[in-house]
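**Q** Attaching a predicted model along with its sequence, questions to come.
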Amino acid sequence: MKNKDLRSEQIALLRFEKSLTKAAEAKASGKPLDKAPLIAGVAAVTAAAASVAEKMGDASLMQYAAEVESAAFATNDANAWLMNLAEAVSKGHNAIEALAQKGAFVFLQAGGTPKENPPEVIASLLMSGLS
């Protein structure tokens, strides 16, 4: 029987989203964007996606990892790079949660305030840094 608990994979995705937010905060404060920690975090996202795909028996979930990798290795300006990466990881995270609900998988659920949407948070941070 496959493990129906996706919490550890969600934690990996949440950590990556947090690192994106920290990078956007640093960029908004005038610091140059350091892509290295985020690119290193892509490996964790890929591993989480592979684990979810195996547990759910759905290899199509690996497309989200490929989208994150593609965004991470794109050669955009710093703001567009952060936004594209945030959108890719958020899209994958949301898809995994939606599929988990349908398949009776155990996953983290907010008990109060909903999780902030990473693309919205990053856009807000980057816009605040333009002043």
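**A** Okay, I see it. Residues are numbered from 1 along each chain as shown.
**Q** in this structure, which spans are helices?
**A** For the chain, the helices defined by DSSP state H cover 7-28, 36-56, 62-72, 78-102, 118-128.
**Q** Could you save those helices as JSON lines and add columns showing mean neighbour count and mean pLDDT?
**A** For the C-beta atoms, the positions are set from N, CA and C on the backbone; glycine is no exception. Below are these laid out as JSON lines (neighbours: other C-beta atoms under 10 Å; pLDDT from 0 to 100):
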{"stretch": "helix 7-28", "mean neighbour count": "18", "mean pLDDT": "90"}
{"stretch": "helix 36-56", "mean neighbour count": "18", "mean pLDDT": "91"}
{"stretch": "helix 62-72", "mean neighbour count": "19", "mean pLDDT": "91"}
{"stretch": "helix 78-102", "mean neighbour count": "19", "mean pLDDT": "88"}
{"stretch": "helix 118-128", "mean neighbour count": "18", "mean pLDDT": "87"}
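**Q** Now do the contacts for the most centrally placed residue in the chain.
**A** Closest residue to the average C-alpha location of the chain: V89 at 3.1 Å, with C-alpha atoms, centre = their mean. Residues counted as contacts of V89 (C-beta atoms under 8 Å, 6 or more residues apart in numbering) are L13, F16, E17, L20, V45, V68, P118.
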